[in-house]
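*Asks:* Let's see this in three dimensions:
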Amino acid sequence: MARPALSDRVYEEIFADIVSGKLPERSRLPSEVDLSRAFDVSRPVVREALARLRDDGLVASRRGSGTYVQHRPSSGVLRFTPLSSIADMQRCFEFRIGLEGEIAYLAAQRYNADTISGIDTALKQLDQAIAGTQLGVEADFDLHLAIAEAADNRYYHSALTNLRDSVTVGMNLARNLSLLKPTQRLQKVQDEHIQIIQAIRARDGDKARYLMRKHIENAKARVFEGPEAVSSGD
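*Replies:* The predicted model follows:
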(Lines give C-alpha, C1' and ligand atoms only; values in the text may rest on other atoms or scores of the structure.)
Protein backbone atom coordinates (compact mmCIF):
# COMPACT_ATOMS: atom_id res chain seq x y z
CA MET A 1 0.00 0.00 0.00
CA ALA A 2 1.32 3.42 -0.94
CA ARG A 3 2.33 5.71 1.91
CA PRO A 4 0.11 8.78 2.32
CA ALA A 5 1.51 12.01 0.93
CA LEU A 6 3.29 14.28 3.39
CA SER A 7 0.78 17.01 2.62
CA ASP A 8 -2.01 14.62 3.65
CA ARG A 9 -0.40 14.16 7.06
CA VAL A 10 -0.01 17.91 7.56
CA TYR A 11 -3.60 18.48 6.38
CA GLU A 12 -4.94 15.87 8.78
CA GLU A 13 -3.00 17.15 11.79
CA ILE A 14 -4.07 20.76 11.27
CA PHE A 15 -7.63 19.55 10.58
CA ALA A 16 -7.62 17.67 13.91
CA ASP A 17 -6.32 20.74 15.76
CA ILE A 18 -9.15 22.81 14.29
CA VAL A 19 -11.84 20.23 15.10
CA SER A 20 -10.58 19.78 18.67
CA GLY A 21 -10.46 23.52 19.28
CA LYS A 22 -6.72 23.59 19.81
CA LEU A 23 -6.79 26.05 16.92
CA PRO A 24 -10.01 28.01 17.63
CA GLU A 25 -12.01 29.90 15.05
CA ARG A 26 -10.42 33.24 14.13
CA SER A 27 -7.07 32.16 15.57
CA ARG A 28 -3.93 32.62 13.51
CA LEU A 29 -2.04 29.53 12.35
CA PRO A 30 1.73 29.36 12.87
CA SER A 31 3.77 30.65 9.95
CA GLU A 32 4.75 28.36 7.06
CA VAL A 33 8.29 28.29 8.44
CA ASP A 34 7.10 27.25 11.90
CA LEU A 35 4.73 24.64 10.48
CA SER A 36 7.44 23.16 8.28
CA ARG A 37 9.68 22.83 11.33
CA ALA A 38 6.91 21.38 13.49
CA PHE A 39 6.00 18.73 10.92
CA ASP A 40 9.56 18.27 9.64
CA VAL A 41 8.50 18.86 6.05
CA SER A 42 9.32 21.38 3.33
CA ARG A 43 7.43 24.65 2.93
CA PRO A 44 5.90 23.52 -0.40
CA VAL A 45 4.35 20.57 1.46
CA VAL A 46 2.88 22.96 4.03
CA ARG A 47 1.58 25.23 1.27
CA GLU A 48 -0.20 22.32 -0.41
CA ALA A 49 -1.86 21.31 2.86
CA LEU A 50 -2.93 24.89 3.58
CA ALA A 51 -4.30 25.26 0.04
CA ARG A 52 -6.52 22.24 0.57
CA LEU A 53 -7.70 23.54 3.94
CA ARG A 54 -8.58 26.81 2.19
CA ASP A 55 -10.45 24.92 -0.54
CA ASP A 56 -12.46 23.16 2.18
CA GLY A 57 -13.33 26.51 3.77
CA LEU A 58 -11.54 25.74 7.04
CA VAL A 59 -8.90 28.47 6.84
CA ALA A 60 -8.51 31.77 5.03
CA SER A 61 -5.40 33.76 4.18
CA ARG A 62 -5.10 37.47 4.81
CA ARG A 63 -2.47 39.23 2.76
CA GLY A 64 0.39 40.42 4.94
CA SER A 65 -1.20 38.93 8.06
CA GLY A 66 -1.16 35.14 7.78
CA THR A 67 -3.62 32.26 7.72
CA TYR A 68 -6.58 32.15 10.10
CA VAL A 69 -9.08 29.49 11.14
CA GLN A 70 -12.34 30.34 9.45
CA HIS A 71 -14.56 27.38 10.29
CA ARG A 72 -14.57 24.46 12.76
CA PRO A 73 -16.26 21.20 11.70
CA SER A 74 -18.30 19.13 14.13
CA SER A 75 -16.30 17.06 16.60
CA GLY A 76 -18.36 14.11 15.33
CA VAL A 77 -16.08 13.98 12.30
CA LEU A 78 -13.29 12.43 14.37
CA ARG A 79 -15.72 10.29 16.34
CA PHE A 80 -16.98 8.49 13.25
CA THR A 81 -13.89 8.54 11.00
CA PRO A 82 -10.22 7.80 11.72
CA LEU A 83 -8.04 10.86 11.31
CA SER A 84 -5.82 8.93 8.89
CA SER A 85 -8.69 8.63 6.41
CA ILE A 86 -9.81 12.28 6.36
CA ALA A 87 -7.52 13.47 3.56
CA ASP A 88 -8.23 10.39 1.43
CA MET A 89 -11.97 10.79 1.98
CA GLN A 90 -11.84 14.38 0.78
CA ARG A 91 -9.91 13.40 -2.35
CA CYS A 92 -12.55 10.73 -2.98
CA PHE A 93 -15.37 13.28 -2.77
CA GLU A 94 -13.47 15.43 -5.26
CA PHE A 95 -13.08 12.51 -7.68
CA ARG A 96 -16.70 11.43 -7.33
CA ILE A 97 -18.02 14.86 -8.34
CA GLY A 98 -16.63 14.37 -11.83
CA LEU A 99 -17.13 10.62 -12.09
CA GLU A 100 -20.71 10.41 -10.90
CA GLY A 101 -21.76 13.59 -12.65
CA GLU A 102 -20.95 11.90 -15.97
CA ILE A 103 -22.56 8.66 -14.80
CA ALA A 104 -25.83 10.50 -14.14
CA TYR A 105 -25.62 12.23 -17.54
CA LEU A 106 -25.22 8.91 -19.35
CA ALA A 107 -27.90 7.22 -17.24
CA ALA A 108 -30.38 9.83 -18.45
CA GLN A 109 -29.42 9.09 -22.04
CA ARG A 110 -29.28 5.31 -21.85
CA TYR A 111 -31.52 3.85 -19.16
CA ASN A 112 -33.97 1.13 -20.13
CA ALA A 113 -36.91 -0.51 -18.40
CA ASP A 114 -34.70 -2.89 -16.41
CA THR A 115 -32.15 -0.36 -15.23
CA ILE A 116 -34.70 2.29 -14.24
CA SER A 117 -36.50 -0.44 -12.31
CA GLY A 118 -33.22 -1.18 -10.53
CA ILE A 119 -32.89 2.48 -9.58
CA ASP A 120 -36.47 2.53 -8.25
CA THR A 121 -35.83 -0.61 -6.17
CA ALA A 122 -32.65 0.84 -4.69
CA LEU A 123 -34.45 4.10 -3.86
CA LYS A 124 -37.23 2.20 -2.05
CA GLN A 125 -34.66 0.25 -0.02
CA LEU A 126 -33.04 3.52 1.05
CA ASP A 127 -36.50 4.91 1.92
CA GLN A 128 -37.04 1.89 4.17
CA ALA A 129 -33.69 2.42 5.88
CA ILE A 130 -34.54 6.07 6.58
CA ALA A 131 -38.01 5.17 7.87
CA GLY A 132 -36.39 2.67 10.24
CA THR A 133 -33.87 5.30 11.40
CA GLN A 134 -31.08 3.13 10.03
CA LEU A 135 -27.84 4.57 8.73
CA GLY A 136 -28.44 3.13 5.26
CA VAL A 137 -24.87 3.40 3.96
CA GLU A 138 -25.03 0.22 1.89
CA ALA A 139 -28.45 1.15 0.51
CA ASP A 140 -27.10 4.60 -0.37
CA PHE A 141 -24.14 3.11 -2.24
CA ASP A 142 -26.40 0.58 -4.00
CA LEU A 143 -28.54 3.45 -5.31
CA HIS A 144 -25.51 5.19 -6.77
CA LEU A 145 -24.39 1.86 -8.25
CA ALA A 146 -27.83 1.31 -9.81
CA ILE A 147 -27.47 4.69 -11.54
CA ALA A 148 -24.06 3.56 -12.82
CA GLU A 149 -25.70 0.40 -14.16
CA ALA A 150 -28.16 2.58 -16.07
CA ALA A 151 -25.26 4.48 -17.66
CA ASP A 152 -24.54 1.29 -19.64
CA ASN A 153 -20.75 1.64 -19.57
CA ARG A 154 -18.91 -1.10 -17.73
CA TYR A 155 -15.90 1.14 -17.08
CA TYR A 156 -17.94 3.63 -15.09
CA HIS A 157 -19.67 0.80 -13.22
CA SER A 158 -16.34 -0.89 -12.50
CA ALA A 159 -14.74 2.36 -11.34
CA LEU A 160 -17.52 3.01 -8.84
CA THR A 161 -17.52 -0.61 -7.66
CA ASN A 162 -13.79 -0.47 -7.03
CA LEU A 163 -14.30 2.71 -4.99
CA ARG A 164 -16.85 1.08 -2.69
CA ASP A 165 -14.67 1.08 0.45
CA SER A 166 -13.56 4.68 -0.02
CA VAL A 167 -17.01 5.94 -1.00
CA THR A 168 -18.76 4.29 1.94
CA VAL A 169 -16.31 5.92 4.38
CA GLY A 170 -17.56 9.32 3.23
CA MET A 171 -21.19 8.16 3.18
CA ASN A 172 -20.85 6.70 6.67
CA LEU A 173 -19.52 9.98 8.05
CA ALA A 174 -22.02 12.24 6.29
CA ARG A 175 -24.98 10.07 7.28
CA ASN A 176 -23.80 9.69 10.91
CA LEU A 177 -23.49 13.46 11.19
CA SER A 178 -26.97 13.80 9.71
CA LEU A 179 -28.39 11.49 12.40
CA LEU A 180 -27.09 13.90 15.05
CA LYS A 181 -29.49 16.57 13.81
CA PRO A 182 -33.02 16.80 15.24
CA THR A 183 -34.43 17.79 11.86
CA GLN A 184 -35.06 15.37 9.02
CA ARG A 185 -31.58 15.69 7.53
CA LEU A 186 -31.49 12.23 5.99
CA GLN A 187 -34.78 12.96 4.26
CA LYS A 188 -33.24 16.10 2.80
CA VAL A 189 -30.43 13.95 1.39
CA GLN A 190 -33.04 11.56 0.04
CA ASP A 191 -34.83 14.47 -1.63
CA GLU A 192 -31.58 15.19 -3.49
CA HIS A 193 -31.58 11.57 -4.71
CA ILE A 194 -35.18 11.90 -5.85
CA GLN A 195 -34.42 15.05 -7.84
CA ILE A 196 -31.53 13.29 -9.58
CA ILE A 197 -33.74 10.34 -10.50
CA GLN A 198 -36.48 12.63 -11.77
CA ALA A 199 -33.97 14.28 -14.10
CA ILE A 200 -32.78 10.86 -15.28
CA ARG A 201 -36.36 9.74 -15.95
CA ALA A 202 -36.95 12.93 -17.93
CA ARG A 203 -33.82 12.09 -19.95
CA ASP A 204 -32.42 15.48 -19.04
CA GLY A 205 -28.73 14.59 -18.94
CA ASP A 206 -27.45 18.08 -18.24
CA LYS A 207 -29.76 18.50 -15.25
CA ALA A 208 -28.96 15.01 -13.95
CA ARG A 209 -25.24 15.77 -14.15
CA TYR A 210 -25.67 19.10 -12.36
CA LEU A 211 -27.83 17.62 -9.59
CA MET A 212 -25.48 14.68 -9.01
CA ARG A 213 -22.45 16.96 -8.82
CA LYS A 214 -24.33 19.24 -6.43
CA HIS A 215 -25.42 16.25 -4.33
CA ILE A 216 -21.83 15.10 -3.81
CA GLU A 217 -20.64 18.66 -3.20
CA ASN A 218 -23.36 18.92 -0.55
CA ALA A 219 -22.24 15.64 1.03
CA LYS A 220 -18.70 16.99 1.23
CA ALA A 221 -19.97 20.25 2.74
CA ARG A 222 -22.05 18.37 5.32
CA VAL A 223 -18.84 16.80 6.63
CA PHE A 224 -17.44 20.26 7.37
CA GLU A 225 -20.43 21.78 9.11
CA GLY A 226 -19.64 23.30 12.47
CA PRO A 227 -20.91 22.16 15.87
CA GLU A 228 -23.69 24.75 15.76
CA ALA A 229 -25.12 23.03 12.66
CA VAL A 230 -25.71 19.81 14.62
CA SER A 231 -28.33 21.42 16.85
CA SER A 232 -29.86 23.97 14.50
CA GLY A 233 -32.22 23.62 11.55
CA ASP A 234 -31.19 23.70 7.89
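*Asks:* In this protein, which helix is the longest?
*Replies:* Looking across the chain with DSSP state H, the single longest helix is helix 86-110.
*Asks:* where does the residue of the chain positioned farthest from its centre land in three-state SS?
*Replies:* Distance from the C-alpha centroid of the chain peaks at residue 64, with 32.3 Å (Cα atoms, centre = their mean). Under DSSP: H, G, I helix; E, B strand; the rest coil, residue 64 falls in the coil class.
*Asks:* Give me the phi and psi angles of it.
*Replies:* Backbone geometry at residue 64, expressed as degrees, to the nearest 10, gives phi 80, psi 0.
*Asks:* tell me the contacts of it?
*Replies:* Under the criterion of Cβ atoms under 8 Å, 6 or more residues apart in numbering, residue 64 has no contact partners. Every residue, glycine included, has its C-beta placed from N, CA and C.
*Asks:* for residue 67, same thing?
*Replies:* 28, 29, 50, 54, 59, 60, 61.
*Asks:* just the strands in the protein please.
*Replies:* Listed in chain order, the strands of the chain (DSSP state E) span residues 59-62, 66-69.
*Asks:* and the residue farthest from the centre of the chain, how far is that from residue 198?
*Replies:* Distance, residue 64 to residue 198, using Cβ to Cβ, to the nearest Å: 49 Å.
*Asks:* Kindly report the same for residue 114.
*Replies:* Using Cβ to Cβ, residue 114 is found at 19 Å from residue 198.
*Asks:* Of the two, give the one with the bigger neighbour count.
*Replies:* Under the criterion of other Cβ atoms under 10 Å, the comparison of residue 114 against residue 198 puts residue 198 first, with 13 against 9.
*Asks:* That one and residue 208, how far apart?
*Replies:* The spacing between residue 198 and residue 208, counted by Cβ to Cβ, is 9 Å.
*Asks:* And for residue 60?
*Replies:* For residue 60, the distance to residue 208 - Cβ to Cβ - is 34 Å.
*Asks:* cool, residue 21 as well?
*Replies:* Applying Cβ to Cβ to residue 21 and residue 208 gives a distance of 41 Å.
*Asks:* Please name the residues that touch residue 47.
*Replies:* Contacts for residue 47 (Cβ under 8 Å, 6+ apart) come out as residue 32.
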